[in-house]
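Peer 1: with the sequence up front, the predicted model follows.
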Amino acid sequence: MTSNMTSAMTTTNTNGSPKPAKRMVKEITGRHVLFLMLGFFGVIIATDSYLVYKAVSTFGGLETQNAYRKGLTYNERIAEERAQEALGWTKDARLDKGELRVIIRDRDQKGVEGLQISALFGRPATNTEDRTLTLTQTGSGEYMATVGDIAPGNWVATMEAREALTGSGAVVYQSKVRLWKAP
């Protein structure tokens with residue numbers, strides 16, 4: 001019975017040996033290889049082009065204007081930072097209902113009054129939404145500026161404080177703070 005089943009499943013030659021089954025084999029031609037390579041590199045070129053476009057269209061330009069000149073005055077900047085650290089001032093900044101609120105305290109935790117504070121307010125990764133704000137004093141060491149209705153997400157405020165009473169116009173305190181507006 002076993003021999004009957006075997007002979008039913010395979011075909012035999014005239015001499016009784018089994019014939020190999022015929023299979024349809026597709027040949028890979030040069031045309032197939034060409035289309036595969038063009039498709040592969042087409043996908044890579046399209047992806048790279050999209051990424052380059054997004055990178056160039058979202059970058060607003062230089063982060064630092066006159067970087068070379070600022071580099072030449074680097075030692076003066078270090079001296080200014082040491083003088084600022086010697087003051088012992090601290091700041092607390094937050095976004096609250098469309099307002100940027102900053103509290104500046106001295107080392108005795110008393111509010112620092114009589115400052116003229118300006119801030120460059122914008123997104124951390126682009127300068128397309130940057131705006132300059134002037135903060136006004138609202139209390140002892142408390143300063144506020146209206147930012148309006150802004151989109152949720154990360155924001156950065158780079159602040160410079162000058163003493164209004166001395167009239168020298170020299171920056172006495174600088175700070176950069178990252179802020180978050182909840183959705």
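Peer 2: Received it, and whenever you're ready, just let me know what you need. Numbers count the residues shown, from 1 in each chain.
Peer 1: residue 100 in helix, strand or coil?
Peer 2: Following DSSP: H, G, I helix; E, B strand; the rest coil, we place residue 100 in the strand state.
Peer 1: now residue 133
Peer 2: Per three-state DSSP, residue 133 ends up strand.
Peer 1: and if you look at residue 41?
Peer 2: On the basis of three-state DSSP, residue 41 is classed as helix.
Peer 1: okay, now it: neighbour count?
Peer 2: Counted with other Cβ atoms under 10 Å, residues neighbouring residue 41 total 10. Bear in mind the C-beta positions are built from the backbone N, C-alpha and C, glycine included.
Peer 1: against residue 29, how distant is it?
Peer 2: 19 Å (Cβ to Cβ, to the nearest Å).
Peer 1: is residue 160 in contact with residue 117, as I believe?
Peer 2: Yes. Contact criterion Cβ atoms under 8 Å: residue 160 and residue 117 qualify, at 7.1 Å.
Peer 1: looking at the two, which one has more neighbours?
Peer 2: It is residue 117, of residue 160 and residue 117, that has more neighbours when counted by other Cβ under 10 Å, with 24 against 15.
Peer 1: so what secondary structure elements neighbour whichever strand or helix holds that one?
Peer 2: Applying DSSP states H and E as the criterion places residue 117 in strand 115-122. Using 3 or more Cβ pairs under 8 Å, 6 or more residues apart in numbering; DSSP states H and E, the elements in contact with strand 115-122 are strand 99-105, strand 131-139, strand 142-146, strand 153-163.
Peer 1: nearest to residue 124, out of the ones you listed?
Peer 2: Taking Cβ to Cβ, strand 153-163 is the member of the helices and strands packed on strand 115-122 nearest to residue 124, at 4.7 Å.
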